[in-house]
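Participant: from the sequence below, what's the structure:
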Amino acid sequence: MRKATTEPAPIRALLIGIAFLWLALIIFLPLIAVFTQAFAKGWGYFVAALAEPDAWASIKLTLLTAAIVVPFNSVFGMAAAWAISKHDFRGRQLLINLIDLPFSVSPVVAGLMFVLLFGANGWFGPFLMERGIRIMFAVPAIVIATSFVTFPFVARELIPLMTAQGRAEEEAALTLGAGGFQTFWHVTLPNIRWGLLYGVLLTNARAMGEFGAVSVVSGHIRGLTNTMPLHVEVLYNEYNFTAAFAVASLLAGLALVTLGVKALLEWRYADQLSATGH
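Facilitator: Here you go, the predicted structure:
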């Protein structure tokens, strides 16, 4: 008797073939095209395109933004997940909904929100300008916008994991006299380390590739506030296609590295869940 969930071999082959064909059309072929165009004029031109001052400035700004945003959102994500999964309090569901907010709001709309807050005619703009504090069209705005669109990833990865693990181990540690920090460092963190790394990886990938929100708040100042995605757009609009694809290939390469590490973490993450019985 055939199981209800087992399709005939021709149907399975057809479904798998359709999946691979679709992946080839929307992922594999575009990636091949990016790298082909990036090296169309040779390795020397590729290196020169990345070493060009504006391109190098965009690379440094992208890495700087990620270096600031990822640790901040990792700490926030762990704190939020700890509060939501280990404690019962009024407003818990509201906090969960707020964490999910960036998933529901368009990045462009998020950028516009920060313009309304910190722009010259915004709520806090005049106050900041009087004191010589520049937020909009500068690095702080890029960091703030990137933080907004990336802050759910660590929290949403850890909340279900920590909820499934329960509170028994932490309560036992506290009963034995451990402090809050000791309990987190020696009990909670070892149990969530792979989930945390997975969330950090997703946060870093989104931080380096964010376009919409950063485009609104950056001001598109070449050599100063253009991140790598914005610099690709500038080069492409100037018909400097090979240089545009060279920078884009660097982003694509980082994405492929992220994918490889993601696959590794998913494998380790699955082992962790099996070991805990969830």
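
Participant: helix, strand or coil: sort out Asn226 for me.
Facilitator: State at Asn226, reduced to three classes by DSSP: H, G, I helix; E, B strand; the rest coil: coil.

Participant: with Gly132 instead?
Facilitator: coil.

Participant: and it, how far from Met78?
Facilitator: Between Gly132 and Met78 the distance, using Cβ to Cβ, to the nearest Å, works out to 35 Å. C-beta: built from backbone N, CA, C; applies to glycine.

Participant: and these two? Which one has more around it.
Facilitator: Neighbours around Gly132 and Met78, counted as other Cβ atoms under 10 Å, are more numerous at Met78. The numbers are 20 against 6.

Participant: from Thr146, how far out is the more buried one?
Facilitator: Here Met78 is placed at a distance of 19 Å from Thr146 (Cβ to Cβ).

Participant: again, but for Leu15
Facilitator: Taking Cβ to Cβ as the measure, Leu15 falls 38 Å from Thr146.

Participant: between the two, which one's more packed in?
Facilitator: Neighbours per residue (other Cβ under 10 Å) separate Leu15 from Thr146, with Thr146 holding more: 29 against 11.

Participant: surely the more buried one touches Ala205?
Facilitator: No: using Cβ atoms under 8 Å, Thr146 makes no contact with Ala205, being 11.9 Å away.

Participant: what does the pLDDT read for Met162?
Facilitator: Taken from the predicted model, the pLDDT recorded for Met162 is 87.

Participant: could you do Val115 as well?
Facilitator: Per-residue confidence for Val115 comes out at a pLDDT of 92.

Participant: give me the distance between it and Tyr198.
Facilitator: Taking Cβ to Cβ, one finds Val115 at 33 Å from Tyr198.

Participant: again with Ile96
Facilitator: To Tyr198, Ile96 is 19 Å away according to Cβ to Cβ.
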